[in-house]
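[1] Fold the following, please.
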Amino acid sequence: MRAVLAASRPFSWVNTAYPFAAGYLVATGGRVDAALVVGTLYFLIPYNLLMYGINDVFDHESDLRNPRKGGIEGGLVARAEARRTHRAILWAAVGSNLPFLVWLLAVADGAANLVLVAVVFLVVAYSAPGLRFKEKPFLDSFTSAMHFVGPLLYALVLVGAPLGSRSVWPVLVAFVLWGAASQAFGAVQDVVADRAGGIGSVATVIGARATVLVAAGAYVVAAAVLAVLPWPGWLAAVLPLPYAVNVLRFRSVTDDDCERANAGWRAFLWLNLVTGFLVTMLLIAATWR
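    Residues are numbered from 1 along each chain as shown. Sure thing, here's the model as predicted:
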């Protein structure tokens with residue numbers, strides 16, 4: 001059970017539950033109903049167990065070579081226990097996801113169900129053998145971004161929010177850019193371990209330094225996109241900039257010393273909490289204006 005819990009990465013639970021819950025509440029004017037509760041619970045734990053559990057199982061060889069695994073940044077199972085524990089993780093992921101997915105698919109319409117199926121498919125496709133989107137440069141970053149944008153998009157479609165409105169599309173576009181930049185920067189620290197484990201990524205292909213610069217650029221573009229939001233939403237344009245500053249500290253990183261970028265990744269994890277608080281304050285201000 002400890003291994004299953006570690007595989008779900010509890011520190012990151014809020015990163016997927018929050019976009020769904022916030023999007024649902026804001027789009028409905030604060031409506032609290034069964035769909036909100038069930039959806040939030042689904043994206044809080046089962047969704048993360050599916051996403052990270054599959055990743056931990058099928059990236060095990062690379063993770064064994066990765067010094068950052070085995071703590072807050074991902075569970076690590078000893079080689080001797082891997083077969084039994086990995087089976088338990090996969091069964092727990094499937095068993096916890098199915099009841100929620102069946103219920104959500106039963107209560108929603110076609111468009112929302114299509115989005116939900118696509119979001120879950122991308123979660124599986126990122127790490128599962130035969131698909132392994134995480135090993136397809138640039139597609140890996142987009143797919144990872146959709147892991148976090150997906151719950152928000154699903155919430156908006158579920159309640160019939162106008163995706164093309166000036167209050168919605170900049171958020172979605174900027175969120176995708178933020179997620180893609182974050183995945184790319186996260187891959188920098190793993191260049192050596194991924195290459196040793198035979199795993200490809202945007203960072204293993206274009207190199208650590210180039211990936212840092214691409215990630216910083218994506219954060220800046222995300223800020224520019226958010227600037228078109230109506231007041232007070234455009235204040236959110238400031239929020240991606242600390243991420244750009246954080247990654248640019250490692251603009252001189254090389255493939256050989258890529259692991260020093262882990263300090264920036266740890267800062268990223270805590271920066272998310274501060275950003276989440278500020279986003280919450282902006283949502284409250286925008287709702288009450």
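[2] So which residue is dead centre in the chain?
    With distances taken as Cα atoms, centre = their mean, the residue of the chain nearest its centroid is Phe148 (4.1 Å).
[3] ok, the residue lying closest to that residue once chain neighbours are set aside - contacts?
    Counting by Cβ to Cβ, 6 or more residues apart in numbering, Phe148 lies nearest to Gly179, which is 5.0 Å off, once chain neighbours are set aside. (C-beta placed from N, C-alpha, C; glycine too.) Neighbouring residues of Gly179 by Cβ atoms under 8 Å, 6 or more residues apart in numbering: Ser141, Ser144, Ala145, Met146, His147, Phe148, Val149.
[4] for Leu104, same thing?
    Ala35, Val38, Gly39, Tyr42, Leu116.
[5] neighbours around Arg166, how many?
    Neighbour count of Arg166, defined by other Cβ atoms under 10 Å: 11.
[6] The closest residue in space to it that isn't next to it in sequence: how many residues sit nearby?
    Excluding its sequence neighbours, the residue lying closest to Arg166 (Cβ to Cβ, 6+ apart) is Pro230, at 6.1 Å. A count of nearby residues for Pro230, using other Cβ under 10 Å, gives 12.
[7] sorry, back to before: how close does the residue nearest to the centre of the chain get to Val245?
    Between Phe148 and Val245 the computed distance is 21 Å (Cβ to Cβ, to the nearest Å).
[8] And the next helix or strand past the helix or strand bottoming out on mean pLDDT in the chain?
    None of the helices or strands of the chain scores lower by mean pLDDT, DSSP states H and E than helix 60-64, at a mean of 56. Downstream of helix 60-64, the first helix or strand assigned by DSSP states H and E is helix 82-107.
[9] Assess the claim that Leu282 and Leu235 are in contact.
    Yes: using Cβ atoms under 8 Å, Leu282 is in contact with Leu235, at 6.1 Å.
[10] so where's the stretch 51-200 of the chain uncertain?
    Filtered on pLDDT under 70, the stretch 51-200 of the chain yields the residue ranges 59-83.
[11] switch to 50 and redo it
    80 (pLDDT under 50).
[12] re earlier: any chance of the contacts of Gly179 in a markdown table, plus distance to Gly160 and secondary structure?
    Below are the contacts of Gly179 laid out as a markdown table (distance: Cβ to Cβ, whole Å; DSSP: H, G, I helix; E, B strand; the rest coil):
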| residue | distance to Gly160 | secondary structure |
| --- | --- | --- |
| Ser141 | 30 | helix |
| Ser144 | 27 | helix |
| Ala145 | 24 | helix |
| Met146 | 21 | helix |
| His147 | 23 | helix |
| Phe148 | 22 | helix |
| Val149 | 18 | helix |
